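J.: How does the following fold in three dimensions:
(chains A and B)
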Amino acid sequence: MKQGVFAAMVVSLVWIFLQNLLMFVRPAENRFKSMLTGYILSLPFVFPVYRWLPMPGFVDASGAATESPCLGLFHAYFFHLLLFFCYVECFYHIERSVSLRLLVELLKQGDAGAPLQEIQGRYPVEGMIQQRLEVLRDRGFIELRNDSWHLRFKGELLARVTITMSWLFQAKGQHERR
Amino acid sequence: MPVVKGLILSLVVFVLYVGSTAVAAHVLRPRGYLRLFLLAFLPCGVGYFTLYTVTPRDLYFLPPTWTGSDRSFDMAYGFAVLLLNCHNFVDYFFATCSGFSVSLLVAILDAGDRPITTVDLSAKFKLESETESRRMAPGVGPVDMPAAPQESNRIYAWRLPYLVKRGWIRKDPQTDHYSLTDTGRIIARIVQGLKRSMNLGGGG
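T.: Numbering: from 1, shown residues only, chains lettered A, B, ... in the order given. As a prediction, this is how the structure comes out:
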């Protein structure tokens, strides 16, 4: 089990590091696709790392010999998957969060700060909407027909799941907030 | 000693976590969901450790080959899985229910068969399209008043007071300038560093 968790952490760290390094050499337009590709390509490495990479000396590996090897491997792949989800979600928090972008914009302004009009000028809502609509169209969630936006299957599915989640948790979307 | 006990219990507690937060959201109708999710995690974490301590090593059904490792490590592993699952769930919640892009999808769905253009979608995020907006005045309660210029859209109207309340930014009452607090500056620097390390643009 320890070997499985260790293998998952090692493989996840290596592929995430390599994937980010690659983004400097050849930036991907679709980051989710590149993250998914990185994850899938890393899958075959989990088994050899689990099987042959020695555990670090400070880890007490006693009892590992009596464990089911299949179960150890299951832990490795399961934890590897959870770390992938965690990475993707953290990535989108950093990349897409409007609040965090706002903080970075204010950081650029220095100690004097900026009035709202200036912040909005640098980061207008219309620009945000336009940028997001283009990304959603490129990813196959929506399409533009006769100047009107329409949902594609993926977009409709996500919108319906969101409406269900919103009802379940009594949450309001950003277009309904004040 | 158990190998999958921690994992099984963490999954059980995770299901309870999702169910209990949904019930709590219906009862409490919170404005801020992060606090709800964080507060709900505390009893769930305690519940996980309690369940782990009071249940037998084999959980009444696990075969002996599945119960042969370090107990404390198994307990910690189960807790790590619980943390990751809860984090994934909360992130998914915020990405969908509070996500800007997803709210555009919902707005398009709401339009039904009516055509909806980029301008129509932009208008949905503007408060100034409404002649009057209901606001809560301190000590008075709900009042009808025109939206202030700085509150002219739904993106900034709630976000700026929220960031001020969290202590990440401050507003100078004399100049009306917004600037970062010390906490906000640390967060902004970390985010800027992470964006650079991932070769990301402005984003948002």
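
J.: excluding its backbone neighbours, what's nearest B:A76?
T.: Once flanking residues are discounted, B:A76 sits nearest to B:G6: 7.6 Å by CB to CB, 6 or more residues apart in numbering or on different chains. C-betas here are computed from N, CA, C, even on glycine.

J.: State the helix or strand in which that neighbour lies.
T.: Secondary structure from DSSP states H and E places B:G6 in helix B:5-28.

J.: Tell me which residues of that helix come out buried.
T.: Neighbour counts over helix B:5-28 (16 or more other CB atoms under 10 Å in any protein chain shown) mark B:5-10, B:13-14, B:16-18, B:21-22, B:24-25 as buried.

J.: buried sites along the helix ranked longest in chain B?
T.: Longest helix in chain B, counting residues (DSSP state H): helix B:71-97. Within helix B:71-97, the residues that count as buried by 16+ other CB under 10 Å are B:71, B:73-75, B:77-91, B:93-97.

J.: what's the answer for stretch A:129-146, then?
T.: For stretch A:129-146, by 16+ other CB under 10 Å, it's A:I129, A:R132, A:L133, A:L136, A:F141, A:I142.

J.: packing partners for the longest helix anywhere in chain A?
T.: Longest helix of chain A, by residue count under DSSP H: helix A:69-96. Counting contacts by 3 or more CB pairs under 8 Å, 6 or more residues apart in numbering or on different chains; DSSP states H and E, helix A:69-96 is packed against helix A:2-25, helix A:31-52, helix B:71-97, helix B:182-197.

J.: need these in JSON lines with mean pLDDT and distance to B:G167, can you?
T.: Shown next, in JSON lines, are the helices and strands packed on helix A:69-96 (pLDDT from 0 to 100; distance: least, CB to CB, whole Å):
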{"stretch": "helix A:2-25", "mean pLDDT": "90", "distance to B:G167": "31"}
{"stretch": "helix A:31-52", "mean pLDDT": "91", "distance to B:G167": "31"}
{"stretch": "helix B:71-97", "mean pLDDT": "89", "distance to B:G167": "20"}
{"stretch": "helix B:182-197", "mean pLDDT": "91", "distance to B:G167": "6"}
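
J.: So which of those is nearest A:P124?
T.: helix B:182-197 (20.0 Å; CB to CB).

J.: In terms of secondary structure, what does that closest one contact?
T.: Packing partners of helix B:182-197 (3+ CB pairs under 8 Å, 6+ apart): helix A:69-96, helix A:98-109.

J.: Residues contacting it, please?
T.: With contacts defined as CB atoms under 8 Å, 6 or more residues apart in numbering or on different chains, helix B:182-197 is touched by A:20, A:94-95, A:100, A:103-104, A:106-107, B:163, B:167-169, B:180, B:201, B:203.

J.: cutoff 7 Å now
T.: A:N20, A:I94, A:L100, A:L103, A:V104, A:L106, A:L107, B:G167, B:W168, B:I169, B:L180, B:G203 (CB atoms under 7 Å, 6 or more residues apart in numbering or on different chains).

J.: Done for today, thanks.
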